[in-house]
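Have a look at this prediction, sequence included:
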Amino acid sequence: MRVGLLRLLAAEATAVLPKKSQESSGKLAKPVLKGWLAAETRRHAIYSFALSIGLCFAYRELVGEPRKRKYEAFWRTYDEHADFKRMVKAGLYTDITIEDFEAEEQAQL
């Protein structure tokens, strides 16, 4: 596997760009080595930037917006008073009994 990878890299490094004068003579052009790393790095940077921007928008539309709509729907129908009453009935608060809570409710009305 390592040898195959090295051969692949060597094949990319020795890519030839024939010149117009050499096309008719049949000679092989020299491999393009000068500036190759910079050109490849620039190309990969552009691709990675475009991919990251695309993934950001995809995440926003596929995950963020549905989550925001679910939270809005939850808080639109949420009744904090009924939720507190349910927790008192369940015994989550040791200092408040359901009778005390209902008496306080009647006093406020």
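Thanks, I have the structure now.

Now the element after the helix or strand of the chain with the lowest mean pLDDT, going C-ward?
Scoring the helices and strands of the chain by mean pLDDT, DSSP states H and E places helix 20-25 at the bottom, with a mean of 56. Scanning forward in sequence from helix 20-25 by DSSP states H and E, the next helix or strand is helix 36-59.

Return the distance of that following helix from the chain's centre.
A distance of 14 Å separates the centroid of the chain from that of helix 36-59, by CA atoms, centre = their mean, to the nearest Å.

Same question for stretch 28-44.
On the basis of CA atoms, centre = their mean, stretch 28-44 sits 31 Å off its chain's mean C-alpha point.

First-to-last residue distance for it?
Start to finish, the residues bounding stretch 28-44 are 28 Å apart (CA to CA, to the nearest Å).

Counting neighbours, what do you get for residue 91?
Applying other CB atoms under 10 Å, we find 10 other residues in the vicinity of residue 91. In short, each C-beta sits where N, CA and C put it, glycine included.

try residue 32
Residues near residue 32, counting by other CB under 10 Å: 14.

how far away is residue 102 from residue 89?
Distance of residue 102 to residue 89, computed by CB to CB, to the nearest Å: 10 Å.

three-state assignment of residue 63?
Following DSSP: H, G, I helix; E, B strand; the rest coil, we place residue 63 in the helix state.

Tell me where the model's unsure across this protein.
Along the chain, the parts satisfying pLDDT under 70 run over 1-25.

Please repeat the previous calculation with a cut-off of 50.
Along the chain, segments meeting pLDDT under 50 span 22.

Report the secondary structure element holding residue 67.
Assigned by DSSP H and E, residue 67 belongs to helix 65-77.

Quick check: next helix or strand after that helix?
Next along the chain after helix 65-77, taking DSSP H and E as the criterion, comes helix 80-90.

could you point out which element follows that next one?
Proceeding N to C from helix 80-90, the next assigned helix or strand is helix 98-108, under DSSP H and E.

now the angle from that following helix to helix 80-90?
Taking axes from the mean of the first three to the mean of the last three CA atoms, to 10 degrees, one finds that helix 98-108 is oriented at 150 degrees with respect to helix 80-90.
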